[in-house]
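Q: Generate a structure from the sequence data that follows.
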Amino acid sequence: MKQHFFDAIKNFNPTHVICCWDMGRSTFRTKSYSQYKQNRLEAPLELLPQFDLVKEVVAEMGVPNIGLAGYEADDCIGTISNKLQEDSEVFILTGDHDMLQLITEKVKLIIMNKGRSNYTVYDLETLFIVRQLTPSQVIDLKAFMGDSSDNYSGVKGIGEKTALKLLNEYGSVEGCLECFEMLPASIEK
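A: Next comes the predicted model:
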C-alpha cells in the first residue's frame with residue numbers, strides 16, 4: 001500500500017491528500033445487521049501497531065488522518081468526496097470496487113491493480129464501458145448479488161451475469177420490482 005500511495009501522488013499530482021481509516025469493527029451497520037462482516041478474520045496482532053505508525057508517518061507528511069467511531073473509512077470517503085466535489089475534482093485511491101458507486105462528473109475512482117503504478121481510473125464513461133453500469137447500478141448490483149466479503153446474501157438465483165442482465169433490461173432494483181411478473185422463473189420470488 002505504501003508504494004501505491006507514493007506512486008499515486010507522483011502520477012496524479014493532487015493538490016491535497018486525505019487518508020481515511022476504519023475506527024473499529026463496531027459501526028452503525030453491525031448494529032442494524034449483527035452478521036455484517038462476521039466472516040472476516042481479525043487483523044493479525046503484529047499488524048495492529050503498524051496502523052498507528054502509518055498514521056504517524058502520514059500526519060508528519062501533513063496528510064490529515066480521518067476516521068469516525070461507528071463509521072467505516074468508506075463512509076468518510078463518501079462524505080468527504082461528496083462535499084469536496086462542489087469546488088474541485090476528487091480522486092479516490094482504493095482497491096475496493098464497491099466505491100464505484102461514488103463516481104460522479106467530478107469524482108473519479110483510481111483502482112489499484114497488482115504491480116507498481118498499475119491503476120485503472122474510472123469516471124462515468126469508463127464505468128459504463130468497462131462494467132456497463134452507472135454508479136447507482138453498482139449499489140443495485142450488490143443488492144442483487146449480495147457480498148460474501150461483507151457477509152450479506154443477495155437474491156437467490158441471481159449472480160453477477162443475471163444481475164447485469166436485469167439492470168441492463170430494467171435499470172434498477174425498483175425497475176425489476178415494477179416488472180416482477182416478467183422476471184425469469186429461475187429467480188426466487
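Q: For the rest of this, base every contact and every neighbour count on C-alpha atoms.
A: Noted.
Q: where along the chain do the helices fall?
A: Using DSSP state H, the helices of the chain run over 2-12, 28-32, 48-60, 73-84, 124-131, 135-145, 160-170, 173-178.
Q: May I see the buried residues of the last one?
A: Meaning helix 173-178. Buried positions in helix 173-178, judged by neighbour count with 16 or more other CA atoms under 10 Å: Val173, Cys176.
Q: chain center to it, what's the gap?
A: Averaging C-alpha coordinates over helix 173-178 and over its chain gives two centres that are 23 Å apart (CA atoms, centre = their mean, to the nearest Å).
Q: Select from the helices of the chain the stretch with the lowest mean pLDDT.
A: Comparing mean pLDDT across these, the lowest value falls on helix 28-32: a mean of 80.
Q: ok, back up a step: who wins for proximity to Gly95 among the helices of the chain?
A: Nearest to Gly95 among the helices of the chain is helix 2-12; the distance by CA to CA comes to 10.3 Å.
Q: what's next to the closest one, contact-wise?
A: Contacts made with helix 2-12 from outside it, assessed by CA atoms under 8 Å, 6 or more residues apart in numbering, are listed as Leu93, Met112, Arg116, Ser117.
Q: ok, back up a step: right, so the helices of the chain: which one is the most enclosed?
A: Of all the helices of the chain, helix 135-145 carries the top mean neighbour count, a mean of 20, counting by mean count of other CA atoms under 10 Å.
Q: before we move on, back to that, okay, the contacts of helix 2-12 in JSON lines with neighbour count, pLDDT and distance to Asp75 next?
A: Conversion of the contacts of helix 2-12 to JSON lines gives the following (neighbours: other CA atoms under 10 Å; pLDDT from 0 to 100; distance: CA to CA, whole Å):
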{"residue": "Leu93", "neighbour count": "20", "pLDDT": "95", "distance to Asp75": "14"}
{"residue": "Met112", "neighbour count": "21", "pLDDT": "90", "distance to Asp75": "19"}
{"residue": "Arg116", "neighbour count": "12", "pLDDT": "81", "distance to Asp75": "27"}
{"residue": "Ser117", "neighbour count": "16", "pLDDT": "83", "distance to Asp75": "26"}
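Q: Let me know how buried Lys156 is, in neighbour terms.
A: Lys156: 13 surrounding residues under other CA atoms under 10 Å.
Q: Surely it is in contact with Ile187?
A: Yes - in this structure Lys156 lies within contact range of Ile187 using CA atoms under 8 Å: 6.5 Å.
Q: what's the most distant pair in the contacts of helix 2-12?
A: Within the contacts of helix 2-12, two members stand farthest from each other by CA to CA: Leu93 and Arg116, at 13.7 Å.
Q: Relative to Pro44, which of the contacts of helix 2-12 is nearest.
A: Using CA to CA, the shortest approach to Pro44 within those belongs to Met112, at 22.9 Å.
Q: gap between the residue nearest the centre of the chain and Leu48?
A: By CA atoms, centre = their mean, the chain has its centre lying nearest to Met99, at 2.4 Å. In this structure, Met99 and Leu48 are 24 Å apart, going by CA to CA, to the nearest Å.
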